[in-house]
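>>> model this:
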Amino acid sequence: VYIALGIDEDGYKEVIGFWIPGSDGESAILWKQFLYQLRERGLKEPFLFIGNGLKGLKEAVKEVYPLADFQSCILHKVRGTLKRVRRRDREALAVDLKKIYRQNSRERFIEAFKEVKGVWGKIYPLLFKGWEEDLESLTSYFKYPEGIRRSIYTTNVVERFIKEVKRRSKVVEVFPKPVSAEKVMYLVAVEMNEGYRRRKVKGFDEIKEELVSIRRERYGEKLNKETETQKQKILKFYTHNS
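From the prediction side, this is the model:
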């Protein structure tokens, strides 16, 4: 199941789409198709996409939304790194990795990364090759106000949603048709969205003006007048799938 979950311009999280493509497995080509669908439905001016380490996902985002940033999930990178070291080294390495992504600026992030690499690279020479290749995407969240960074450097919010879907679907022994799985996804999405609408992302109101300024610099002075139309399209999408 492919899932798109975002934070809207008022600071509320929302599941805006899901797709069950079949048995082909995850691929950047399919993600590109789904991104084009989101654009057709009205998602015109996104700031930032956060994704895991799927090869080609960043390129797909850049093709469909060339002005948007891409953030690689730091916790996915951390987990992958810890799996590549001896068990006895994992706890100490995890502590050092936190020193990297808990910095308050891109410059300090890179400095901390170099320090940690200098220590652990002597033991595991190729351990941080992926970090070096992905440094730009790992630090995209620093372009945004500090008050929202903890919400945008990982895909944790999506993983929590997936966890809830798994909890609901585990009691179903067999899905006779794809539409049966879609119904479960739809019902969970509706329920989760109702909960999301009751609580804004923490600190969003304090940084909203900064985001408006970023939007103006990136997309121009004219504010997106399609916001209400976009919301109506999303509503119709959910209604159609009910």
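>>> Now do stretch 138-154: everything it contacts.
With contact meaning Cβ atoms under 8 Å, 6 or more residues apart in numbering, stretch 138-154 is reached by 7, 47-48, 50, 69-77, 101, 104-106, 109-110, 131, 157, 201-204, 206-207, 210-211, 214. (Glycine included, C-beta is placed from N, CA and C.)
>>> ok, of those, which come out buried?
By neighbour count, with 16 or more other Cβ atoms under 10 Å, the contacts of stretch 138-154 hold 7, 47-48, 50, 69-74, 76-77, 101, 106, 109, 131, 157, 201, 203-204, 207, 211, 214 as buried.
>>> Would you map the helices across this protein?
Ranges of helices in the chain, per DSSP state H, are 28-41, 57-64, 74-82, 87-101, 106-120, 129-133, 135-138, 156-169, 178-196, 204-219, 227-241.
>>> ok, now which ones touch the residue lying closest to residue 37 once chain neighbours are set aside?
Closest residue to residue 37 apart from its sequence neighbours, by Cβ to Cβ, 6 or more residues apart in numbering: residue 17 at 7.2 Å. Residue 17 is in contact with 3-4, 34, 37-38, 41, 237, counting by Cβ under 8 Å, 6+ apart.
>>> Go through these and name the one nearest residue 168.
residue 3 (14.1 Å; Cβ to Cβ).
>>> tally of neighbours for the closest one?
For residue 3, the neighbour count with other Cβ atoms under 10 Å is 18.
>>> contacting residues for it?
Contacts of residue 3 by Cβ under 8 Å, 6+ apart are 15, 17-18, 158, 161-162.
>>> Bridging across strands, which residues link to it?
In this entry, residue 3 is beta-bridged to residue 18, by DSSP bridges.
>>> Tell me how far it lies from residue 166.
12 Å (Cβ to Cβ, to the nearest Å).
>>> Please tabulate the helices of the chain in CSV, including the columns mean pLDDT and distance to residue 146.
Shown next, in CSV, are these (pLDDT from 0 to 100; distance: least, Cβ to Cβ, whole Å):
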stretch, mean pLDDT, distance to residue 146
helix 28-41, 90, 28
helix 57-64, 92, 24
helix 74-82, 95, 16
helix 87-101, 96, 14
helix 106-120, 97, 12
helix 129-133, 94, 22
helix 135-138, 95, 17
helix 156-169, 88, 18
helix 178-196, 90, 23
helix 204-219, 93, 8
helix 227-241, 53, 26
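>>> give the contact list for the residue nearest in space to the middle of the chain.
Residue closest to the average C-alpha location in the chain (Cα atoms, centre = their mean): residue 50, at 2.9 Å. Counting by Cβ under 8 Å, 6+ apart, residue 50 touches 70-73, 152-155.
>>> State the number of residues packed around residue 18.
Neighbours around residue 18, by other Cβ under 10 Å: 19.
>>> Would you mind measuring from it to residue 42?
For residue 18, the distance to residue 42 - Cβ to Cβ - is 17 Å.
>>> Over to residue 146?
Taking Cβ to Cβ, one finds residue 146 at 30 Å from residue 42.
>>> And the residue located most distally from the centre of the chain, what's its pLDDT?
The C-alpha centroid of the chain is most remote from residue 122, which lies 32.4 Å away (Cα atoms, centre = their mean). Listed pLDDT for residue 122 reads 95.
>>> Which phi and psi values does it adopt?
In terms of degrees, to the nearest 10, the main-chain angles of residue 122 are phi -70, psi -30.
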